[in-house]
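J.: From the sequence below, what's the structure:
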Amino acid sequence: MALLILKRLYIGIKYFSSFLVDNLPCATVFQIPETTELQYEPGFRLGFVRGDKAYINNHLSFQLKYHYSEAEQVYRVVGFQVETNSIDKSRLSIAQDGVSCSIKDEASFQEINPKSNELFFTYSVKWEESPIRWASRWDIYLNMADVQIHWFSIVNSVVVVFFLSGIITMIIIRTLRRYVKSRFSILKEFLANCSVEFQTKLS
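T.: Down below sits the predicted model:
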């Protein structure tokens with residue numbers, strides 16, 4: 001498992017993962033240094049590389065935003081943000097119940113060691129009330145900047161559409177040709193019979 005994660009980190013540093021809550025994908029918030037503007041990107045980065053060492057983001061802080069609808073008297077999830085952090089296992093103190101844990105405030109990251117497969121993954125959840133309505137919860141995803149366009153998928157879809165359109169066009173043309181040919185044969189036979197009958201009456 002560690003070798004697989006290490007390979008993904010080195011081959012593509014921008015390897016992303018994602019979670020869904022109430023069919024809403026998580027988003028990572030980052031600030032543009034030049035304009036100090038907040039931007040969102042879908043999912044979260046699996047890890048990062050510093051120098052020749054790879055680190056994994058093994059702690060996720062989930063920020064779930066909810067909105068209360070007075071008309072329907074229900075709570076709805078309208079935002080799902082995630083903040084990643086890499087925490088070395090030496091900073092973790094797991095409780096006896098095996099469910100909760102505490103994290104020491106140190107600046108040591110979880111390095112990926114190919115010789116060891118022992119990794120600890122932790123998370124925290126924070127709920128926050130939001131004025132965003134249910135109908136507007138997708139706005140931040142629609143306004144995301146610098147989203148990678150999957151050109152291969154687009155080109156592949158266009159090729160498939162043209163290929164299927166060509167096949168359908170050929171089928172329609174062949175069907176029309178057979179239809180016209182059959183109708184023309186009937187008309188030709190009818191004209192031939194009329195000609196024979198006319199000649200017989202003349203004689």
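
J.: So what's the residue count around Trp134?
T.: 14 (other CB atoms under 10 Å). (C-beta placed from N, C-alpha, C; glycine too.)

J.: Hmm, it is touching Arg76, no?
T.: Yes. The pair Trp134 / Arg76 is scored as a contact, 4.8 Å apart, by CB atoms under 8 Å.

J.: Could you tell me how many residues sit around the closest residue to Arg91 other than its chain neighbours?
T.: Spatial nearest neighbour of Arg91, chain neighbours left out: Lys104 (4.3 Å); criterion: CB to CB, 6 or more residues apart in numbering. For Lys104, the count of nearby residues is 11 (other CB under 10 Å).

J.: and Lys104, how far is that from Asn113?
T.: Lys104 sits 20 Å away from Asn113, taking CB to CB, to the nearest Å as the criterion.

J.: show me where pLDDT drops low in this protein?
T.: Residue ranges of the chain with pLDDT under 70: 1-14, 98, 114, 116-117, 143-152, 187-203.

J.: Doesn't Thr35 lie inside a strand?
T.: No. Assessed with DSSP: H, G, I helix; E, B strand; the rest coil, Thr35 is coil; it does not lie in a strand.

J.: picking that back up, which residues do Trp134 and Arg76 both contact?
T.: Common contacts of Trp134 and Arg76, defined by CB atoms under 8 Å, 6 or more residues apart in numbering, comprise 67, 69.

J.: Show me where this structure has its strands.
T.: With DSSP state E as the criterion, the chain has strands at 16-17, 20-21, 24-25, 27-31, 38-42, 44-45, 47-50, 53-56, 59-69, 74-85, 92-94, 101-103, 122-129.

J.: Just put those strands in JSON lines and tack on mean neighbour count and distance to Val160.
T.: JSON lines is the format used below for the strands of the chain (neighbours: other CB atoms under 10 Å; distance: least, CB to CB, whole Å):
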{"stretch": "strand 16-17", "mean neighbour count": "14", "distance to Val160": "26"}
{"stretch": "strand 20-21", "mean neighbour count": "10", "distance to Val160": "28"}
{"stretch": "strand 24-25", "mean neighbour count": "16", "distance to Val160": "26"}
{"stretch": "strand 27-31", "mean neighbour count": "14", "distance to Val160": "31"}
{"stretch": "strand 38-42", "mean neighbour count": "15", "distance to Val160": "25"}
{"stretch": "strand 44-45", "mean neighbour count": "17", "distance to Val160": "32"}
{"stretch": "strand 47-50", "mean neighbour count": "15", "distance to Val160": "35"}
{"stretch": "strand 53-56", "mean neighbour count": "19", "distance to Val160": "37"}
{"stretch": "strand 59-69", "mean neighbour count": "16", "distance to Val160": "37"}
{"stretch": "strand 74-85", "mean neighbour count": "17", "distance to Val160": "33"}
{"stretch": "strand 92-94", "mean neighbour count": "13", "distance to Val160": "49"}
{"stretch": "strand 101-103", "mean neighbour count": "13", "distance to Val160": "49"}
{"stretch": "strand 122-129", "mean neighbour count": "12", "distance to Val160": "40"}
